[in-house]
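In: sequence plus predicted model, see below.
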Amino acid sequence: MEDARKTIWMMLVGSGLFAVLVGMDLVNDYQSGSTGRHLILEGILLTFSAGVFAAGLRQLTRAKKEVTVLKSDLDRVHHEKEQWKRETHQLLAGLSQKIEDQFSQWQLTPAEQEVGFLLLKGISLKEIADIRQTQLKTVQQQSQSIYQKTGLASRSELAAFFLEDLLPGGGESPQIN
């Protein structure tokens, strides 16, 4: 992005400088009494270089406007995200507590509860092993133990147990006690 901006500025300055130099040469040639063909040729060159300069200036102006709009959009999205986080913080804290309570009712060990939360977050078994600094096989065994104790068959069933009723169009599901 920075390289493109430098290139555009260099082209803009170069074309502007070229137009000025051609213009100065055209005036000098006219005052020196150059031929009409030579003056017409330099006039065409001046028109072309001034056109390139004007086009570059328009492109730069449009790009600045677009950057301003994008910054405004980014600020708006950031504000919306922060507002959403503030509004849902209490709800999410309550959901986390309910999940923790349900894990306790299922009699999951603290390690299984930690693995369960990471499974719900969508983290892979390998990543969970890395996070917890344990072997992949240990995490696999803990996840199997979770499914066995809960009577659920997979990560998706575990997630659905907690999320199905929260999402629109969900059907019947077990209630969190």
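Out: Yes, it's here.

In: biggest helix in the protein, by residue count?
Out: helix 36-105 (DSSP state H).

In: mean confidence for that helix?
Out: Mean pLDDT, computed over helix 36-105, is 88.

In: ok, now stretch 10-28?
Out: Averaging pLDDT along stretch 10-28 gives 85.

In: any idea how far F117 is from D101?
Out: Computed with C-beta to C-beta, to the nearest Å, the distance linking F117 and D101 is 13 Å. Glycine gets a C-beta too; all of them are placed from N, C-alpha and C.

In: wait, I meant M11
Out: M11 is 64 Å from D101, by C-beta to C-beta.

In: can you pick out the residue with more neighbours from those two?
Out: M11 (16 against 12; other C-beta atoms under 10 Å).

In: so that one versus Q31, what's the distance?
Out: 30 Å.

In: residues of stretch 91-111 that come out buried?
Out: Within stretch 91-111, the residues that qualify as buried are 99, 102-103, 106, 108, counting by 16 or more other C-beta atoms under 10 Å.

In: save those as CSV, and put in distance to Q140 too.
Out: Output for these, formatted as CSV (distance: C-beta to C-beta, whole Å):
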residue, distance to Q140
I99, 21
Q102, 22
F103, 19
W106, 18
L108, 16
